[in-house]
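> Okay, predicted coordinates and the sequence, questions at the end:
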Amino acid sequence: MRINYNFAFKNSKLTPWERPSPPNLLISDASLKKKFNYIIDQTKLNKELIYPSIFILLSSFGMQLLTFFPDRIIKNLESDHFEYQVLSQKLSDLESSKTRFRRKLRNIDEYFTQATTSYLFAFYLQNSVPKGVQLNSYSFSDNGFDIVATAFNLDALNEFITLIVESPVILEESVNINQVNKKDFAKSNNSDPIPDFEMEIYGAIKKLELAKREDLYIESKANGLLQKLKRFNNLKLKLGS
C-alpha cells in the first residue's frame, strides 16, 4: 500500500532541517594567523579556480600600474594636442590658399614678365619721331612692330632709324628697313612739287625683365602700371613663388 508524505510540511508544526554551512573563518573572531592559514588551505584545495583568477587580477593590476603615468601625461598634454591640431589645420588651409594663389599668379605672370606693354612702345615711339618725320601708320604686338613713315629728307629718316634702334623696348638686331620710296606730292597752292620719302621699318619687341620694366615705368611716368607691377612682385615674394 502506497503511503503519502507531506514533504512540504503542509499544515505541520515540524520545522524542516537544513544542513548547517561550514563556519566562515574569515568573518569570525579567529586570529590573523588562522585566517591566513585558512586562505592558504583553500587556495591549495581550489587551484583550478583560484590561480587563473589571481593571475588575471594581478595582470590587470600590473597593466593599470604600468599605464597610470603615461595616461596621466597624455591627459595633461591633451589640451596642447588639441591646440596643435587646430594650428595644423589652419596651416594646411593657409598652404592650400597659397597654392591656389600661386596657380592664379602663374596664369597672369606672362602679362607682367613677357610682353612689352603698348604704353611703353607708344611712349618711346613718340620720343623717337624727330622733326620732319610723320608716321603714316604703325602696328604693334608681342611678336613685333611695323611702321610706315614719311619725311621731307633722308637725314630726318636716318635720325628716326637711329632713335628707333636705341629704343629700350625694341630688339636692336631685329630692326629692318623694307623699302624707301621717293614720291612727289604737290603743294596745295599748285607750286612746284616737293620730293617726299616714304619708308617702312619693322622689327621685334624685347621681353623685358621685371627690374628693367620697373625702371622704364618710372622713366615714362607710368605710375598706374608701376603700382600694379609692384603689387604683383610683392605678392609673388610673399607667396615664395
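Looks like it arrived, so ask away. Residues are numbered from 1 along each chain as shown.

> can you confirm residue 134 is in a helix?
No: applying DSSP: H, G, I helix; E, B strand; the rest coil, one finds residue 134 to be strand, outside a helix.

> element containing the residue nearest to residue 217 when sequence neighbours are not counted?
Nearest-residue entry for residue 217: residue 226, 4.0 Å, with adjacent residues in sequence omitted and distances by C-beta to C-beta, 6 or more residues apart in numbering. Where C-beta positions appear, they are placed from N, C-alpha and C, glycine not excepted. Taking DSSP states H and E as the definition, residue 226 sits inside helix 223-239.

> any idea whether residue 183 is helix, strand or coil?
Reduced to three states with three-state DSSP, the structure at residue 183 is strand.

> tell me the phi and psi of residue 155?
Note on residue 155: backbone dihedrals following degrees, to the nearest 10 are phi -60, psi -40.

> what sits against the closest residue to it other than its chain neighbours?
Counting by C-beta to C-beta, 6+ apart, residue 155 lies nearest to residue 132, which is 7.9 Å off, once chain neighbours are set aside. Contacts for residue 132 (C-beta atoms under 8 Å, 6 or more residues apart in numbering) come out as 151, 152, 153, 155, 156.

> ok, now how distant is residue 240 from residue 98?
Relative to residue 98, residue 240 is positioned 8 Å away (C-beta to C-beta, to the nearest Å).

> So which of the two has more stuff around it?
Neighbours were tallied for residue 240 and for residue 98 using other C-beta atoms under 10 Å; the higher tally belongs to residue 98 (14 against 7).

> ok, for the more buried one, nearest residue in space, not its chain neighbours?
The spatially closest residue to residue 98, leaving aside those adjacent along the chain, is residue 239, at 5.4 Å (C-beta to C-beta, 6+ apart).

> pLDDT at the one you found, what is it?
At residue 239, the predicted lDDT confidence score is 75.

> Surely it touches residue 99?
No: counting by C-beta atoms under 8 Å, residue 239 stays clear of residue 99, with 9.1 Å between them.

> Helices of the chain, residue ranges please.
Listed in chain order, the helices of the chain (DSSP state H) span residues 32-45, 47-76, 78-113, 118-126, 154-165, 210-219, 223-239.

> Same list, those, but as JSON lines with distance to residue 202 please.
Formatted as JSON lines, the entries for these read as follows, by distance: least, C-beta to C-beta, whole Å:
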{"stretch": "helix 32-45", "distance to residue 202": "111"}
{"stretch": "helix 47-76", "distance to residue 202": "76"}
{"stretch": "helix 78-113", "distance to residue 202": "23"}
{"stretch": "helix 118-126", "distance to residue 202": "13"}
{"stretch": "helix 154-165", "distance to residue 202": "10"}
{"stretch": "helix 210-219", "distance to residue 202": "22"}
{"stretch": "helix 223-239", "distance to residue 202": "25"}
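
> so which of these comes closest to residue 181?
Proximity of the helices of the chain to residue 181 was assessed by C-beta to C-beta; the nearest stretch is helix 154-165, lying at 11.2 Å.

> just checking, what packs against the closest one?
Using 3 or more C-beta pairs under 8 Å, 6 or more residues apart in numbering; DSSP states H and E as the contact criterion, the elements in contact with helix 154-165 are strand 133-141, strand 144-151, strand 176-185, strand 194-203.

> Could you say which of those strands is packed most deeply?
Greatest average neighbour count among the helices and strands packed on helix 154-165 goes to strand 144-151 (a mean of 19), per mean count of other C-beta atoms under 10 Å.
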